[in-house]
Structure formats: C-alpha cells, structure tokens
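Participant: Sharing a model prediction with you, sequence too.
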Amino acid sequence: MSRAFLIVMDSVGIGGARDAASFFNDGRPDTGANTVAHVAQACAEGRAEEGRSGFLHMPALDRLGLGAAVRLASGAATPGLEAVPEGAWGAANEVSKGKDTPSGHWELAGVPVPWDWGYFPDRQNSFPPDLVAFVAQAAGTDGLLGNCHASGTNIIEELGDAHIRSGWPICYTSVDSVFQIAAHETHFGLDRLLQLCQDIAPRLHAMKIGRVIARPFTGENGQFFRTPNRRDFAIEPPAPTLLDWAYEAGRVTHAIGKIGDIFSHRGITHLHKGKGDADLMEHLLRLGAEAEDGSLTFANFVEFDSLWGHRRNVSGYARALEWFDQGAARFLKTLRPGDLAIFTADHGNDPTWAGTDHTRERVPVLAAGLGAARLGQLAFVDVAATLAAHLGVPAQGAGRSFLTQTGLKAVL
Ligand SMILES: O=P(O)(O)O[C@H]1O[C@H](CO)[C@@H](O)[C@H]1O
Ligand SMILES: [Mn+2]
Ligand SMILES: [Mn+2]
C-alpha cells in the first residue's frame, strides 16, 4: 500500500477565478488578483527586497508545475517560475460562495459548502445589540470593545490598553464569516478566552457564522503581540469529507496545523500542532519518513496568509514561499514509490492588492508521484476524489479522480 499527502499552502492562489468580480476588498472587485504572479512580478522588479533579493526562487514547486499552473489559470507572467513541469499540474476553481479557509478546505476535501454563510456586513457597529449583550454576559463583562471590521494586528494596537483597563473583550469581524475575539493572555486569561469562544460558538453557528476565533495576545503599553495560541471553533462540515472517508475505511489520518479545527476534529486519528509553520514542516518531514502505509496526511501551512497576505507584506510573502519551497524539496525526498502528494491552496490573499482580506482566485494543484502530466482545469473536489482513489477508499460527491482522467496510476 502507499500513502497520500494533501498539503494546503494557505492563500497561495494563482488568479483567474471565474467569479472574482463578485468578491471584494475595500469595495474593489478581486478581478485580476493573483497572489503568486504578483509576488513573482514584484520580486523580479525589485519590489520585494526585505530579507531576500531578486527573482522568486521556488525550484521544487516550480518543477512540479507551479509557474505553468499560474499561466494556465490566468495567463499572467511568472518571472522566475519557468521550469518545464515534471509533476502533474493543473488549476482548480472553487464553487463555494465563501473565499474563506473552511470553504476552501472542505471543498478540497470533497464537500462544497451548500449554504450561504452569515456575515456582518456593516463596518462599524457590526454586531446586533442582542448578540453584543449575549457575548458580554458570557464574558462576565458590562460590554465589548471593537464591534467593527478590523485587521487583527491593528485592533490590538488600538484597543489593547483599553482592553486591559476595562477588562472587556475585543470583538471584530471581516468580510469573512467570522466572529473574532482578541483578549490578553494574562490580564483576561487564555483559558477564559477559549472557554468564552467555545460557549458562544453554538449561537454564532446557528447564524451560519463559520467560525468563532480566539485571538490571544500579550504585551503592555501599546506594544501588543498575538501569540500562537489561536483557536478556531468552526461549524461542522455539512457531509463526510475525505478525512471521514479514510477514517471510516480504517485508515490512519494525520492532521497537521489548523486541519483539526477546520474539520471540527472529525475523521482525525492523530493531530500534530506547533507554534508556527517551522514546527509544522518538522511534522510533515517526520510523517514523510514515518507515516503508515495506507495513511492520509493532511496539512495546512497558515503563515503565508496570517503573517504576510493579510498584512499586505510582499517581501514577507516571498520569503515564506521561498522558505516553504526548501521544505517541500526535503519532503519530496522522503516519498516512497507509490506515494501521492498534492500541494494546493484554499483561496488567495494577494499581498499587492487593496484591503486586507482574502482574494478570490484559482488554486494550483501540483502532484508528485504521478510523473509529468498536464491536468488542466480542475474542480476543488477533484483533489479529494483523486486522493480517495489513490488510497482505495470510497469517495462521495461530484469529484473526478484525475488518476483515471489522465490514465495515470500511482505505482502500487
Ligand atoms: O486580521 P486577522 O485577525 O488576522 O483576521 C483574518 O483572519 C480571519 C480568519 O482567517 C480572516 O477572516 C481575517 O479577518
Ligand atoms: Mn485560508
Ligand atoms: Mn486568512
């Protein structure tokens, strides 16, 4: 038997989404947003020189077909990413109506989101009064701070001192279907913050708000820093996903990083978490060497998105891509004959774009273990169907395995 690896590079989109015009950042449509192409172009033009220099250098993923996938999805130029692909490569389009992390991951795992997410569209006074009262009561406070759309790093800078003085939690949202609570790890208490998020989550989920997110931070006197103790309390996926299919078939499933939270901890045998993507890469390398025959390893690397995309930091995004590529090269060496590894993404977050939110984009699908093949235009659900076919576990839903599409078979 052989193993399957699904590795999500959070927000590493490649442009060209069919419905980009229906998604917005600061009122501007996402048409033309292209995370990888715009980072590569910025690098080539000397606009991404902090802590790195020159053309975007991602030889391992480019050899699998990254540059070719960008050009297929969007026709954009990809300076520095011009290898002749040796992997199986394509570009996948999302059908779920949200450009958020759960929507992207669930659909990659075979389950598009069948409902309309709830949102808080007003940028100020975003939450209805009865919800504000409910959350304050659950927190044991007389009120809440924030109650607006915000970037998480900006809002703790603005309201961190007031939070420490008043003891009130900082509640904010974004264009995504989220209710986020920032609170100080010691002044408010980490356990208390996590408990508060867990307590209020059922009410938010009933409003089809996808996630309640705990955003703990530390620091004093206007200097505040988020800690790695973020927790997402997400709605359960609407149907069994690839993780459930494999788990129910008796396979070992490994979840690296946020995957546990995103899938409400369903269908997971072992959870591997860390303080940052460097820890997660160590988990991936270890599982590349040690994961059981017939197992599924599903990883999410979040820092492209959380540290650089939302912060619109192009150099940082480029550094993260280059760092990840080195890890990917090491990981690929751990694969055994018959293994299948797919690198992909859940949405875009173009650091050259307006606003601070995700961007609607296609995503790369780069497979190692199948030889060279142009997979062409794919659906997100094809990723799950392919991995299920590879593992020999029953798949559900509309996905089409590209093992059969291309006539390729993993070497079993
Ligand atoms: O600005 P921060 O707090 O990182 O928030 C971002 O993280 C949320 C969840 O991924 C997104 O909806 C976006 O608002
Ligand atoms: Mn994401
Ligand atoms: Mn994000």
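Facilitator: On my side now, so go ahead. Please read these numbers as outputs of a predicted model, since none were measured by experiment. Residues are numbered from 1 along each chain as shown. Ligands and ions are numbered 1, 2, ... in the order given.

Participant: Just want the residue of the stretch 101-250 of the chain that's nearest ligand 1.
Facilitator: residue 152 (2.1 Å; CB to the nearest ligand atom). C-beta here means a position set from N, CA and C on the backbone, and glycine is covered the same way.

Participant: and that residue, what does it touch?
Facilitator: 172, 180, 182, 215, 226, 310 (CB atoms under 8 Å, 6 or more residues apart in numbering).

Participant: Give me the phi and psi for the residue lying closest to the second one once chain neighbours are set aside.
Facilitator: Right, the one you point to is residue 180. With CB to CB, 6 or more residues apart in numbering as the criterion, residue 180 has its nearest non-adjacent residue at 4.5 Å, and that residue is residue 213. Residue 213 adopts backbone torsions of phi -120, psi 120, taken as degrees, to the nearest 10.

Participant: Against residue 290, how distant is residue 213?
Facilitator: 32 Å (CB to CB, to the nearest Å).

Participant: so what's the residue of the stretch 101-250 of the chain closest to ligand 1 scoring on pLDDT?
Facilitator: For residue 152, the pLDDT comes out at 96.

Participant: Please apply the same query to residue 59.
Facilitator: Looking at residue 59, the pLDDT reads 98.

Participant: Hmm, it is touching residue 322, no?
Facilitator: No - Residue 59 lies out of contact with residue 322 (CB atoms under 8 Å); the separation is 9.8 Å.

Participant: quick one, helices of the chain?
Facilitator: In the chain, the helices defined using DSSP state H lie at 35-44, 59-64, 66-74, 101-108, 129-139, 152-166, 190-206, 242-248, 259-262, 277-290, 303, 314-334, 380-391, 402-405.

Participant: what pLDDT, on average, does the fourth one get?
Facilitator: I take that to be helix 101-108. Rounded mean pLDDT across helix 101-108 is 97.

Participant: Between helix 380-391 and it, find me the angle.
Facilitator: 50 degrees (axes from the mean of the first three to the mean of the last three CA atoms, to 10 degrees).

Participant: on contacts alone, who are the packing partners of helix 101-108?
Facilitator: The contact analysis (3 or more CB pairs under 8 Å, 6 or more residues apart in numbering; DSSP states H and E) places helix 101-108 against strand 4-9, helix 259-262, helix 380-391.

Participant: Same list (these) but as a markdown table, adding mean pLDDT.
Facilitator: Shown next, in a markdown table, are those (pLDDT from 0 to 100):
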| stretch | mean pLDDT |
| --- | --- |
| strand 4-9 | 99 |
| helix 259-262 | 96 |
| helix 380-391 | 97 |
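
Participant: ok so, going back, next, count neighbours for the residue nearest to residue 180.
Facilitator: Residue 213 sits with 22 neighbouring residues when counted by other CB atoms under 10 Å.

Participant: Tell me who's in contact with it.
Facilitator: So residue 213 contacts 178-181, 197, 230-233 (CB under 8 Å, 6+ apart).

Participant: filter the residues you listed by proximity to ligand 1?
Facilitator: 178, 180 (CB under 6 Å from any ligand atom).

Participant: Identify the farthest-apart pair in the contacts of residue 213.
Facilitator: Using CB to CB, these reach their maximum pairwise distance at 179 and 230, which is 13.9 Å.

Participant: Among these two, which residue is more densely surrounded?
Facilitator: A count of neighbours by other CB under 10 Å puts residue 179 above the other of residue 179 and residue 230, at 26 against 17.

Participant: The more buried one against residue 211, yeah?
Facilitator: Yes - between residue 179 and residue 211 a contact is recorded at 7.4 Å, counting by CB under 8 Å.

Participant: which regions of this structure sit below the pLDDT cut-off?
Facilitator: 1, 405-412 (pLDDT under 70).

Participant: how does it look with 90?
Facilitator: Residues of the chain meeting the criterion pLDDT under 90: 1, 175, 404-412.

Participant: Ligand 2 contacts on that one?
Facilitator: 10, 101, 346 (CB under 5 Å from the ion).

Participant: Export those residues as TSV, with columns for neighbour count.
Facilitator: Below are those laid out as TSV (neighbours: other CB atoms under 10 Å):
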residue	neighbour count
10	23
101	26
346	29
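
Participant: Just give me the closest of the residues you listed to residue 264.
Facilitator: Distances from residue 264 to the residues of the chain next to ligand 2, taken by CB to CB, are shortest for residue 101, at 13.1 Å.

Participant: need the contact list for the residue in the chain positioned nearest to ligand 2.
Facilitator: In the chain, the residue that lies nearest ligand 2 is residue 101 (3.3 Å; CB to the ion). Contact analysis of residue 101 by CB under 8 Å, 6+ apart lists 10, 258, 262, 300, 305, 346-347.
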